[in-house]
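Chemist: here's my sequence, what's the structure:
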Amino acid sequence: MPNPIQVMADDKAAHNTGEFVTNEKGKVPPLVTTPFLTRDQGNSGPRMMRSTMYSVPDNPDMKKQTGVPLGLVMSPLAEAAPGEYPPPVVDLGELGPVRCLRCKAYMSPFMTFTDGGKRFQCSFCKATTEVPQEYFQHLDHTGQRMDKYERPELCLGTYDIVATKDYCRDSKPPSPPGILFAIDVSYPMMKEGIVHLICQNMKDILKNLPIDTPAGMTETKMKVGFMTYDSKINFYNCNSLLAQPQQMTVGDVDDMFVPLAEGLMVDISKSEAVIDSLLESIPAMFSETRETETMLGPVIQAGKEAFKAAGMAGKLVVFHHNLPVSPAPGQLKNRDDRKCLGTDKEKTVLTPQTKFYNDLGQECVGVGCSVDLFLFNNAYIDIATLSQVCRLSGGQVYKYTYFQADLDGERFISDLAHNISRPVVFDAIMRVRTSTGVRPTDFFGSFYMANTTDMELASVNSDMALACEIKHDDKLTDEDGVYIQAALLYTSVSGQRRLRICNLALATCDNMGELYRNCDLDTVVNFLAKQNISRLMETSPKAVKEGLMSQCATILACYRKNCASPSSAGQLILPECMKLLPLYTNCLIKSDALSGGSDLGCDDRAFHMSCVSNMDVASSVVYFYPRLIPLHNTSNEETGVPDQIRCTIEKVRDDGVYLLENGIHVLLFVGLATDPAWIQDVFGVATAAQIDIDKTKLVERDNPTSRRICDIYRSVTNARARTMKLTIVRQRDKLEIVFKHFLCEDRSTASDSHFSYVDFLCHMHKEIRAMLS
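Modeler: Okay, here's the model as predicted:
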């Protein structure tokens, strides 16, 4: 049985230099679980762009037979790791980006110069374009330009380039973008202390607004603004000339307008005193409120109108509590029905109940405003419907159900701080170009598409991944490779219009063996997850699961038939780099995102689907196969995170303590026979039975064991885009079932229809034998 821990260890051993140099086409990157630094030498690094396969069959029939999808997972704004060079910014002045005349591809290391440097041939469409006079350079004896290594666009896989005004809305350079906060000030938001928390922490959070360092900026240029709302909407004029902020209220929510032209979106440095005064007065102003009716549609409309009026792009961050049931645009009804999850009827609760939020999302993209929702619901809130406005605008949903300030406050503020400070760009449009013979067909992620080629994103952040499927439309026999270029046109946080160009060259092959040797399974799983979440909206869960199983069997049967050396039919033969496919397929089928049933509930299910649709490859690996880390046997002298172990109850001992995390949940499992001295050191109590399991944080105590454990915990959780809520699980307590639910190699606790890893392997073996006979 192929062992995932062994596969990760082998990959680390195979890439022991710590560097991945992108100097040749079709070079398969290390797994995301292997630490490495990218050295960009002509192809985008794997943090920005990964492919499911690095050798593409030259014949569409061969590719179809294997069943392996050709897909890209792209994180164009991924942060460079410490020790890597961030993409440089090229500025060609008035000339602007140099592009192919026919297909409009941007200059890249794949272009070849001819005619003494006067023309270049495009690697994507083969057309030749004249080199603009001011860009001309002589060629050396090998046919390369003399300035190749002085110009990032000629030697790097990823570079940024300053755009000219032709690339701007209405051909005018953009203003610096803004962040507009909309705070629900209804009774539950006040009573649960959420409004206090926001106002208390906002000052510190705003100290870390993103700075456009690539453009040479040293301070933020972003603007901020504030609204509060219940059944009416209040706008705040924070103009720096005012002594006190001014509140303006709009009560007619059916006809939304913004009552002030100036002073809503302000410079934090100039208006600091006014903003401080506002943040102090909001909790006091609404402390006596009895308003429980809230709306959401008009709030987002107001935000959109505010950005439009201010003539800037940006993001609207909404803090909201209840299902919007009050009579106003965007009113929803409670259709919670967890019993239909997992049945053919689940579409009725997982697709939006009205088109309102989809249409609103599209309108937001139209003005370059993305929407992030922070939800604090205590009951059904219909994430399936509300999340559409985030999905279409490039925003994100955060959910804190049954929020308690003392338990969840830190996690919320940490999420908010990360959301505000991480690298982000606005009013973006992304296009993927490929060389002849293949073309991008389907796109997955958070964006809006008005046509078949362009992804429009009101914002793109560093945690976000977009996926696209690439299909053959012809044979590739004359092609020397498959060339891919993703171009993202955006407005930076200082209001500069730029492009990020990411290039990737894949090899072509004429035999299946080479395809199977050059796949990236982590990326295949991420791609399949996104593709199948999108399929759930059209077909039944049963069809999706059967489709995944038969695709897994096809991929493996095709290898067995065409690539493996002859052996007895009783043996299960797996391709080396795909040997974990059965394990990961089973994990995919059993996951909360694809299978969460009535025990999970409609909102959580929709939330997980939304998370996975935006996940990068590093996050999806741990989401589908959680990390299980033993803590009880780590020595206090060691540093770093102990090696993970297999995700099965067989590896869990009664005298052990384990940390389990999947990027959304983190659980600490304590065996009843754990050494009391260890429990005393870490929890400050004598036995496992006395641990307060309602606590959601580990307190660092003054002893080496506690420091070491807290250190591990921080390392594990800081690596994630979301702050996870800690659940302490004592062996044999009622929460043990939650812990077991994440042990994905075992039989599912929730449903009998789910296989254990062993059973799934046997089932696949049977399927493969049936296919081959």
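
Chemist: quick one: low-confidence parts of this structure?
Modeler: Applying pLDDT under 70 to the chain flags residues 749-753.

Chemist: determine the longest helix present in it.
Modeler: If you go by DSSP state H, the chain has its longest helix at helix 541-562.

Chemist: helix or strand right after it?
Modeler: As assigned by DSSP states H and E, the chain's next helix or strand after helix 541-562 is helix 581-590.

Chemist: the longest helix of the chain packs against which elements?
Modeler: In terms of contacts (3 or more Cβ pairs under 8 Å, 6 or more residues apart in numbering; DSSP states H and E), helix 541-562 is packed against helix 60-66, helix 512-517, helix 521-536, helix 581-590, helix 592-595, helix 757-772. Using the backbone N, CA and C atoms, a C-beta is placed for each residue, glycine as well.

Chemist: dump those helices into CSV; add distance to Ala243 as well.
Modeler: Listed next are these as CSV, based on distance: least, Cβ to Cβ, whole Å:
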stretch, distance to Ala243
helix 60-66, 69
helix 512-517, 70
helix 521-536, 52
helix 581-590, 59
helix 592-595, 51
helix 757-772, 67
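
Chemist: to Val641, which of the ones you listed lies closest?
Modeler: helix 521-536 (18.8 Å; Cβ to Cβ).

Chemist: the inter-axis angle of that closest one versus helix 541-562?
Modeler: 140 degrees (axes from the mean of the first three to the mean of the last three Cα atoms, to 10 degrees).

Chemist: surely Phe412 meets Phe403?
Modeler: Yes: contact criterion Cβ atoms under 8 Å: Phe412 and Phe403 qualify, at 7.3 Å.

Chemist: okay, and the common contacts of the two?
Modeler: Ile194 (Cβ atoms under 8 Å, 6 or more residues apart in numbering).

Chemist: list the buried residues in the longest helix of the chain.
Modeler: By 16 or more other Cβ atoms under 10 Å, the buried positions in helix 541-562 come out as 541, 544-545, 548-549, 551-560.

Chemist: ok, so of those, who is nearest Val367?
Modeler: Val544 (35.7 Å).

Chemist: what sits against that closest one?
Modeler: Neighbouring residues of Val544 by Cβ under 8 Å, 6+ apart: Asn532, Arg535, Leu536, Leu594.

Chemist: other SSEs contacting the helix or strand where His608 lies?
Modeler: Using DSSP H and E, His608 falls within helix 602-613. Contacts defined by 3+ Cβ pairs under 8 Å, 6+ apart place helix 602-613 against helix 347-350, helix 383-393, strand 397-399, helix 521-536, helix 592-595, helix 617-624.

Chemist: what's that helix in contact with?
Modeler: Applying Cβ under 8 Å, 6+ apart, the set of residues contacting helix 602-613 is 336-338, 341, 349-350, 377, 380-384, 387, 390-391, 397, 399, 401, 444-446, 529-530, 533-534, 536, 591-593, 596, 600, 620, 623, 664.

Chemist: what about that helix, distance to the chain center?
Modeler: Computed by Cα atoms, centre = their mean, to the nearest Å, the chain-centroid distance of helix 602-613 equals 13 Å.

Chemist: which other helices and strands contact the longest strand along the chain?
Modeler: Using DSSP state E to define each element, the chain has its longest strand at strand 497-509. Helices and strands touching strand 497-509, by 3+ Cβ pairs under 8 Å, 6+ apart, are strand 49-51, strand 55-57, strand 158-162, strand 482-491.

Chemist: ranking those strands by mean neighbour count, which comes first?
Modeler: Of all those, strand 49-51 carries the top mean neighbour count, a mean of 27, counting by mean count of other Cβ atoms under 10 Å.

Chemist: contacting residues around that one?
Modeler: Contacts of strand 49-51 (Cβ under 8 Å, 6+ apart): 29, 70-76, 484, 486, 502, 504, 506, 520, 522-523, 617.

Chemist: 7 Å instead?
Modeler: Outside strand 49-51, the residues within contact range by Cβ atoms under 7 Å, 6 or more residues apart in numbering are Pro29, Leu72, Val73, Met74, Ala486, Cys502, Leu504, Leu506, Asp520, Thr523, Val617.

Chemist: want to throw the residues you listed into a markdown table with distance to Asn234?
Modeler: Below are these laid out as a markdown table (distance: Cβ to Cβ, whole Å):
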| residue | distance to Asn234 |
| --- | --- |
| Pro29 | 50 |
| Leu72 | 45 |
| Val73 | 42 |
| Met74 | 40 |
| Ala486 | 42 |
| Cys502 | 43 |
| Leu504 | 49 |
| Leu506 | 54 |
| Asp520 | 51 |
| Thr523 | 47 |
| Val617 | 43 |
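
Chemist: now a PyMOL select for only the buried ones of those.
Modeler: Of these, the buried ones can be selected in PyMOL as follows, counting by 16+ other Cβ under 10 Å:
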select buried, resi 29+72+73+74+486+502+504+506+520+523+617
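
Chemist: what is the nearest of the contacts of strand 49-51 to Glu153?
Modeler: For these, the nearest to Glu153 is Cys502 (12.0 Å; Cβ to Cβ).

Chemist: who's in contact with the nearest residue in space to Phe683 that is not next to it in sequence?
Modeler: Leaving aside its sequence neighbours, Phe683 sits nearest to Ile691 (Cβ to Cβ, 6 or more residues apart in numbering; 5.0 Å). Neighbour list for Ile691: Val670, Phe683, Val685, Ile728, Arg730 [criterion: Cβ under 7 Å, 6+ apart].

Chemist: just the buried ones from those?
Modeler: Buried by 16+ other Cβ under 10 Å: Val670, Phe683, Ile728, Arg730, out of the contacts of Ile691.

Chemist: which of the residues you listed fall within strands?
Modeler: Judged by DSSP E, those include Val670, Ile728, Arg730 as members of strands.

Chemist: got those residues as CSV, with distance to Met222 columns?
Modeler: As requested, those are exported to CSV (distance: Cβ to Cβ, whole Å):
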residue, distance to Met222
Val670, 45
Ile728, 39
Arg730, 46
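
Chemist: what is the nearest of the residues you listed to Glu305?
Modeler: Ile728 (46.1 Å).

Chemist: what's the spacing between that closest one and Ile691?
Modeler: Distance, Ile728 to Ile691, using Cβ to Cβ, to the nearest Å: 6 Å.

Chemist: same thing with Asp454?
Modeler: Applying Cβ to Cβ to Asp454 and Ile691 gives a distance of 54 Å.

Chemist: just the CA atoms of the longest strand of the chain, as CSV, please.
Modeler: Presented in CSV, the C-alpha positions along strand 497-509 are these (Å, rounded to 0.1, in the frame of the first residue of the first chain):
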residue,chain,number,x,y,z
ARG,A,497,-1.7,50.2,-13.6
ARG,A,498,0.6,47.2,-14.2
LEU,A,499,0.7,43.7,-15.7
ARG,A,500,2.0,40.5,-14.2
ILE,A,501,3.2,38.1,-16.9
CYS,A,502,3.7,34.4,-15.9
ASN,A,503,5.2,32.0,-18.5
LEU,A,504,5.4,28.2,-18.4
ALA,A,505,6.7,25.8,-21.0
LEU,A,506,5.7,22.1,-20.9
ALA,A,507,7.3,19.3,-22.9
THR,A,508,5.5,17.2,-25.5
CYS,A,509,5.7,13.5,-25.7
